[in-house]
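> sequence and predicted structure below; questions after.
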Amino acid sequence: MSASVEDREVSNDVPRKGLLGMLESSRPRRQPFAEYRRFVQRHYDGMAGMLTRFTGWVTGHETLAGRLIRPQAFDVRGCKRILDAGCGNGRYTRFVLRYADPDALITAFDISHGMLRRAQTRLKSDRVTYISADLTRLPYADAFFDAVICGWVLEHLPDPRPGLTELARVLRPGGKLLLLVTEDTFTGSMCSRMWHCRTYNRPELQRLCLELGLRWVRPLWFSPLHARLHLGGIIGELRRVTAARPPGHQPLFTK
């Protein structure tokens, strides 16, 4: 029996050249997607996932996350349905809990069961609904969410289109998306090597997002220093601008 399309799918992007290309992990590009996805799940179920909170403190991401999700930046006030896509250890969900309306429905998913358990243990909140899911096949109805946070997940897709298409689909028209992605810089390539993920080029990613119905509203930065030195990855606030629905999709959740 021949392999399915999913099993044979690999990135169609041209590998980066020079020093950055040498530093960046080749695993997402050379492995079939289904095989790579299983690797990512095991990777974050294990020691790598256990270390995310520690590495977050070392790099400052644990503290700086609060600079992004707040009224002056990505404002979740007034959003009644909020999704943390690839919630990891709950780093961003904890700030959603801080600022979201008391009656807001907060949902978090991750492909790693280990990361879901860590998020639940950390947050200790009955306001959050957790589910194991894959970014390329989200079990939610069209236009279900008012706001979505997707932090450091897209780089684990060799081809970003399926994930971005799903993010656009589950957002209501006019809904907002906070997207955080590893950039094709020196520091981004080092992160790629450490976490076995790929990197993205900023203008290319912005163009692709717009093609798929996600318009970039503004870039966001962890701090003025990150903005001046162009560090911290690609972070942006986007809006859903189309109402297209991929044919044949049957969501598990309905409104």
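Cool, the structure landed. Residues are numbered from 1 along each chain as shown.

> strands along the stretch 101-250 of the chain, start to end?
Using DSSP state E, counting those that start in this stretch, the strands found in the stretch 101-250 of the chain span residues 105-110, 128-132, 145-151, 171-181, 214-219, 234-240.

> deepest of these, which one?
Most buried of the strands of the stretch 101-250 of the chain, by mean neighbour count (mean count of other C-beta atoms under 10 Å): strand 145-151, with a mean of 24. The way it works is simple: take the backbone N, C-alpha and C, and place the C-beta from them, glycine included.

> got the contact list for that strand?
69, 74, 76, 78-86, 88, 91-93, 96, 107, 135, 163, 167, 170-172, 175-180 (C-beta atoms under 8 Å, 6 or more residues apart in numbering).

> which of these count as buried?
Buried subset of those (neighbour count, 16 or more other C-beta atoms under 10 Å): 69, 74, 76, 79, 81-86, 88, 91-93, 96, 107, 135, 163, 167, 170-172, 175-180.

> what does the pLDDT read for residue 246?
Note for residue 246: predicted pLDDT of 46.

> name the nearest residue to residue 212, sequence neighbours excluded.
With sequence-adjacent residues excluded and distances taken as C-beta to C-beta, 6 or more residues apart in numbering, residue 212 is closest to residue 164, at 4.9 Å.

> quick check, that neighbour in contact with residue 207.
No. If you go by C-beta atoms under 8 Å, residue 164 and residue 207 don't touch, sitting 11.5 Å apart.

> who has more neighbours out of these two?
A direct count of neighbours by other C-beta atoms under 10 Å for residue 164 and residue 207 places residue 164 higher, at 25 against 12.

> list the contacts of the more buried one.
Residues in contact with residue 164 (C-beta under 8 Å, 6+ apart) are 154, 208-209, 212, 214.

> likewise for residue 98?
Residue 98 makes contacts with residue 69, as judged by C-beta under 8 Å, 6+ apart.

> for residue 98, see how far away the closest residue to residue 146 other than its chain neighbours is.
Excluding the flanking residues, the one nearest residue 146 by C-beta to C-beta, 6+ apart is residue 79, at 3.9 Å. Distance, residue 79 to residue 98, by C-beta to C-beta, to the nearest Å: 14 Å.

> and for residue 200?
Relative to residue 98, residue 200 is positioned 29 Å away (C-beta to C-beta).

> then residue 160?
The value you get for residue 160 to residue 98, if C-beta to C-beta is used, is 29 Å.

> for residue 104, same thing?
Distance of residue 104 to residue 98, given as C-beta to C-beta: 12 Å.

> what sits against the residue nearest to residue 200 when sequence neighbours are not counted?
Excluding the flanking residues, the one nearest residue 200 by C-beta to C-beta, 6+ apart is residue 181, at 5.1 Å. Contacts here follow C-beta under 8 Å, 6+ apart; on that basis residue 181 touches 152, 154-155, 200, 205, 233-235.

> what residues are bridge-paired with residue 181?
Beta-bridge partners recorded for residue 181 (DSSP bridges): residue 234.
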